[in-house]
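Trainee: sequence unavailable; structure follows:
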């Protein structure tokens, strides 16, 4: 329960524009998200881009962010979707 409360506080601070909260989220999740993304892309550059895009999206949309599950689940789902989109884009480019 305490983890959920800390997470809610972190999200609340992020929504208010706290760069400290964003930095904390980055420190907590970037490496794990990168490793997860790398499972799909097999390219370090693509994996890094997906994680950076995901975290940048979180920052840019912080005021309207609605997280119904945990922050961790939200981020991993986002990276998964972005990885699939990246793979589809690569596939379409290679076919053209």
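Mentor: In hand now; what should we look at? Quick caveat, the model's predicted, so the values are computed rather than measured. Numbers count the residues shown, from 1 in each chain.
Trainee: output the lowest mean pLDDT helix or strand found in the chain.
Mentor: Using mean pLDDT, DSSP states H and E, helix 2-15 stands out as the lowest-scoring helix or strand of the chain, at a mean of 85.
Trainee: and the helix or strand just after that one with helix 2-15, angle?
Mentor: For helix 2-15, the following helix or strand on the C-terminal side (DSSP states H and E) is helix 19-41. Interaxial angle of helix 19-41 relative to helix 2-15 (axes from the mean of the first three to the mean of the last three Cα atoms, to 10 degrees): 110 degrees.
Trainee: follow-up on the earlier one: next one: the least confident helix or strand of the chain to chain centre, how far?
Mentor: Put simply, helix 2-15 sits 16 Å off its chain's centre (Cα atoms, centre = their mean, to the nearest Å).
Trainee: what comes into contact with it?
Mentor: 20-22, 24-25, 58-59, 62-63, 65, 67, 70-72 (Cβ atoms under 8 Å, 6 or more residues apart in numbering). (Each C-beta comes from the backbone N, C-alpha and C, glycine too.)
Trainee: okay, and residue 90 sits in which element?
Mentor: helix 71-95.
Trainee: now do that helix against helix 19-41, angle only.
Mentor: 50 degrees.
Trainee: same for helix 71-95, what does it pack against?
Mentor: Applying 3 or more Cβ pairs under 8 Å, 6 or more residues apart in numbering; DSSP states H and E, we find helix 71-95 packed against helix 2-15, helix 19-41, helix 44-60.
Trainee: helices or strands next to the longest one in the packing?
Mentor: It stands for helix 19-41. When contacts are defined as 3+ Cβ pairs under 8 Å, 6+ apart, helix 19-41 packs onto helix 2-15, helix 44-60, helix 71-95.
Trainee: still on that earlier bit, mean pLDDT lowest where, among the helices and strands packed on helix 71-95?
Mentor: Mean pLDDT values for these show the minimum at helix 2-15, a mean of 85.
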